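Student: next input, structure requested:
(chains A and B)
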Number of protein chains: 2
Amino acid sequence: MISGFSGAGKGTVIGKLLQKNDHYALSISVTTRKMREGEEEGKHYFFRDEETFLKLANEGKLLEYNLYGGKNYYGTPREYVQERLCEGKDVILEIDPNGARQVKKNMPEAVLIFITPPHFDDLEKRLTGRNTETPEQIAQRLKIAAREALAMPEYDHILVNREGASQDCADQLEAIVQAEHLRTEKQQEHINALIEQSAPLREEHA
Amino acid sequence: MISGFSGAGKGTVIGKLLQKNDHYALSISVTTRKMREGEEEGKHYFFRDEETFLKLANEGKLLEYNLYGGKNYYGTPREYVQERLCEGKDVILEIDPNGARQVKKNMPEAVLIFITPPHFDDLEKRLTGRNTETPEQIAQRLKIAAREALAMPEYDHILVNREGASQDCADQLEAIVQAEHLRTEKQQEHINALIEQSAPLREEHA
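Tutor: Numbering: from 1, shown residues only, chains lettered A, B, ... in the order given. Model prediction:
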């Protein structure tokens, strides 16, 4: 799960990670908001009406969900994530701290990563620089970021995305994924095999 | 801390890691065994007599120590490791499971990595192939390896060193070290700075 302040460059970093190889899969959210021009069902989002969405939520079929801006629901479909994991993919969720907390409860093995610029002031520069938000929207995003900063200690890893160094940041992200695959808990079958293969030598020794 | 069966290729993997860059430092053990031709004090070992060694142990100046073969003591000097860490180095300890357990108690932040071949039978082939041990010595090493296999679940990460793929194994080792540096606990200062920098926006919002 990847969280980070608006303007921290999460999207660019995740894009570079996905380009590296095909063992990554980006999760696709379910939403009740209307489909926009150019969007495709099952590619950008799974579009559902509110009744269907809330039924999914009540049946435990969403790893997390939330109402944004008081009008549209967004959630993470458990089945979609599970299927990608079963295919051997590393599933990436781009998610806010509130969603990350909910997913962690449902999937304790999930890894929480937070992406930040070196300094909080960098956010305003970056948001202003990209010229896609009004000053009011930027002010609102910065307030949200200030609240999100308090959630950083809950994360497993912190990545600092320096100006012009998003490739380094993607490489660090990949190192974290690699290290997770090498964890003892994830190699239990192999350990059991080695313990079994070496059993005769222990008996002989006893 | 890197452990692994005799014949698993630990030495080669560590060698390749050290070649990568200079932020790694190999720990140097203290020993009571006699210096051999070609060895240097403070390079291969710190050579001490038994009285001095036991004094160091009793004063808590060794992160771990053990008597091998009933005659020579070997230990890890706390001060040497601490000094390298303070210089910003990642310190590598090549150590057996018993030593690793002792160090972990003294330094809970230490990371335990176990290197194994794909199959237990590979060990005998490799040990026979390198022609440096007698059949009796090989049999003895395999018995020790069989005991060590039972300690694998205590490790944080398991690395499989495939035939001819020690560079891959060294790369995986480096990924683990990188991921450790990115852990939230190790970036507490940076997090505190970001929380402080964003504080005015939270007050304004309240």
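
Student: mind listing what residue A:156 touches?
Tutor: With contact taken as C-beta atoms under 8 Å, 6 or more residues apart in numbering or on different chains, residue A:156 is in contact with A:111, A:112, A:113, B:183, B:184. The way it works is simple: take the backbone N, C-alpha and C, and place the C-beta from them, glycine included.

Student: need the contact list for the third one.
Tutor: Residue A:113 makes contacts with A:1, A:2, A:3, A:155, A:156, A:157, A:158, A:159, A:173, A:176, as judged by C-beta under 8 Å, 6+ apart.

Student: and residue A:6, what helix or strand is that in?
Tutor: When elements are assigned from DSSP states H and E, residue A:6 belongs to no helix and no strand.

Student: so where does the nearest residue to it once chain neighbours are set aside fall, helix or strand?
Tutor: Of all residues not flanking residue A:6 in the chain, residue A:141 sits nearest, at 4.3 Å (C-beta to C-beta, 6 or more residues apart in numbering or on different chains). Following DSSP H and E, the helix or strand that holds residue A:141 is helix A:135-149.

Student: go through that helix and flag the buried ones.
Tutor: By 16 or more other C-beta atoms under 10 Å in any protein chain shown, the buried positions in helix A:135-149 come out as A:138, A:141, A:142, A:145, A:146, A:148, A:149.

Student: export that helix to PDB, keeping only CA atoms.
Tutor: Only the C-alpha atoms of helix A:135-149 are listed here, as PDB (Å, rounded to 0.1, in the frame of the first residue of the first chain):
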ATOM      1  CA  PRO A 135      -5.300  28.200  -5.000                       C
ATOM      2  CA  GLU A 136      -8.300  27.100  -2.900                       C
ATOM      3  CA  GLN A 137      -7.800  23.500  -4.000                       C
ATOM      4  CA  ILE A 138      -4.100  23.700  -3.200                       C
ATOM      5  CA  ALA A 139      -4.900  25.100   0.300                       C
ATOM      6  CA  GLN A 140      -7.300  22.300   0.800                       C
ATOM      7  CA  ARG A 141      -4.800  19.600  -0.200                       C
ATOM      8  CA  LEU A 142      -2.100  21.100   2.000                       C
ATOM      9  CA  LYS A 143      -4.500  20.900   5.000                       C
ATOM     10  CA  ILE A 144      -5.200  17.300   4.200                       C
ATOM     11  CA  ALA A 145      -1.500  16.600   3.900                       C
ATOM     12  CA  ALA A 146      -0.900  18.200   7.300                       C
ATOM     13  CA  ARG A 147      -3.400  15.800   8.900                       C
ATOM     14  CA  GLU A 148      -1.900  12.900   7.000                       C
ATOM     15  CA  ALA A 149       1.600  13.700   8.300                       C
END
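
Student: contact partners of it?
Tutor: If you take C-beta under 8 Å, 6+ apart as the criterion, helix A:135-149 is touched by A:3, A:5-7, A:96-97, A:120, A:123-124, A:127-128, A:133, B:191, B:194-195, B:198-199, B:201-202, B:204-205.

Student: in ChimeraX, select just the buried ones from the residues you listed.
Tutor: Command for ChimeraX that selects the buried part of those, burial taken from 16+ other C-beta under 10 Å:
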select /A:3,5,6,7,96,97,120,123,124,127 /B:191,194,195,198,201
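
Student: so of the contacts of helix A:135-149, which ones are in strands?
Tutor: Cross-referencing the contacts of helix A:135-149 against strands under DSSP state E gives residue A:3.

Student: sorry, back to before: from residue A:135, how far out is the residue nearest to residue A:6?
Tutor: Residue A:141 sits 11 Å away from residue A:135, taking C-beta to C-beta, to the nearest Å as the criterion.

Student: ok, now residue A:183?
Tutor: The value you get for residue A:183 to residue A:135, if C-beta to C-beta is used, is 45 Å.

Student: how about residue A:45?
Tutor: Using C-beta to C-beta, residue A:45 is found at 29 Å from residue A:135.

Student: now swap in residue A:103 and tell me
Tutor: In terms of C-beta to C-beta, residue A:103 sits 33 Å off from residue A:135.

Student: one more: residue A:110?
Tutor: Noted for residue A:110: a distance of 36 Å to residue A:135, by C-beta to C-beta.

Student: would you mind measuring the gap between the ends of stretch A:93-113?
Tutor: 10 Å (C-alpha to C-alpha, to the nearest Å).

Student: tell me the mean pLDDT over that stretch?
Tutor: Per-residue pLDDT values across stretch A:93-113 average out to 95.

Student: domain-wise, how is chain A divided?
Tutor: A:1-23+A:90-206, A:28-88 (automatic domain parsing).

Student: return the most buried member of those domains.
Tutor: Between the domains of chain A, the one whose residues have the most neighbours on average, counting mean count of other C-beta atoms under 10 Å in any protein chain shown, is domain A:1-23+A:90-206 (a mean of 17).

Student: quick one: distance of it to the chain centre.
Tutor: Taking the mean C-alpha point of domain A:1-23+A:90-206 and that of its whole chain, the gap between them comes to 6 Å (C-alpha atoms, centre = their mean, to the nearest Å).

Student: in what helix or strand does the nearest residue to residue A:71 once chain neighbours are set aside lie?
Tutor: Of all residues not flanking residue A:71 in the chain, residue A:33 sits nearest, at 7.9 Å (C-beta to C-beta, 6+ apart). Element membership for residue A:33, per DSSP H and E: none, as it lies in no helix or strand.

Student: noted, bye for now.
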